[in-house]
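Asks: Okay, sequence plus prediction incoming.
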Amino acid sequence: MLEVYQCLPEGIPLELINNQLIMSPAPNDPHHQVIVELSYEITGFVKKNNLGKIRIAPSDVYINEENFFQPDIYFVSNENPGNFERNGFHGSPDFIIEILSPGNEKKDKTDKYNIYEIAGVKEYWLVNPDTKTATGFYLTNSRFELFAEEKDKLSSRLLNTIFPF
């Protein structure tokens, strides 16, 4: 399936989840607004402190041959062993944020959650733009543990700071 995806023109909103191609429509406006606000806050913090790189969707993350995603926002630390290549990031980001939409909620809460956990993503956030709530998970002993449920902010344990949205 990866070969099929790589033959498509740029900008197609596809992800490969457990070797199945999944297409998603463009995000709704509340979804997009949260991406803009959070990416602005996080990018400023990461750049100011020279911590690594931030990317926003659409930007491909190749976890393995059966799973690649376009997370809404992801952070890769300077120490991360993965590589940025022309077609995206190959490896596991340190920090991922997925903004929930009616069409992606199950995928983000189960499929991606499980794959990110197995891949070793250190911190994973689910943000609901309608309720302005954020739920954070941190990888401990190879398992995600719920560590935060917040409103109007996201308190990153990995980056040790708070990002309003």
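Replies: Cool, the structure landed.

Asks: What's the first helix or strand after the worst-scoring helix or strand of the chain on mean pLDDT?
Replies: The element with the least model confidence among the helices and strands of the chain, by mean pLDDT, DSSP states H and E, is helix 2-7, at a mean of 60. Elements were assigned by DSSP states H and E; along the chain past helix 2-7, the next helix or strand is strand 14-17.

Asks: which strands and helices sit next to that next one?
Replies: Packing contacts for strand 14-17, counted by 3 or more Cβ pairs under 8 Å, 6 or more residues apart in numbering; DSSP states H and E, involve helix 2-7, strand 20-23, strand 67-69. To be clear about C-beta, it is placed using only N, CA and C from the backbone, and glycine gets the same treatment.

Asks: Name the next helix or strand downstream of the shortest one, please.
Replies: Think strand 67-69. The C-terminal neighbour of strand 67-69 among helices and strands, as given by DSSP H and E, is strand 73-77.

Asks: ditto for the second one
Replies: Towards the C-terminus, the helix or strand next in line after strand 20-23, according to DSSP H and E, is helix 29-48.

Asks: remind me which residues of the chain are low pLDDT?
Replies: 1-12 (pLDDT under 70).

Asks: give me that answer again for 80
Replies: Along the chain, the model assigns pLDDT under 80 to residues 1-16, 19-26.

Asks: Wait, residue 13 touches residue 23, no?
Replies: Yes - here residue 13 lies in contact with residue 23, judged by Cβ atoms under 8 Å, at a distance of 6.3 Å.

Asks: Look at the two and report which has more neighbours.
Replies: For the pair residue 13 and residue 23, the greater number of neighbours falls to residue 13 (13 against 8), based on other Cβ atoms under 10 Å.

Asks: So the more buried one versus residue 119, what's the distance?
Replies: Here the distance between residue 13 and residue 119 works out to 21 Å (Cβ to Cβ, to the nearest Å).

Asks: buried stuff in the one helix or strand residue 163 maps to?
Replies: Applying DSSP H and E as the criterion places residue 163 in strand 161-164. Along strand 161-164, the positions that meet the burial threshold by neighbour count (16 or more other Cβ atoms under 10 Å) are residue 163.

Asks: counting contacts, what elements does it pack onto?
Replies: Counting contacts by 3+ Cβ pairs under 8 Å, 6+ apart, strand 161-164 packs against helix 29-48, strand 153-156.

Asks: partners of it, with directions?
Replies: According to DSSP bridges, strand 161-164 has the following sheet partners: strand 153-156 (antiparallel).
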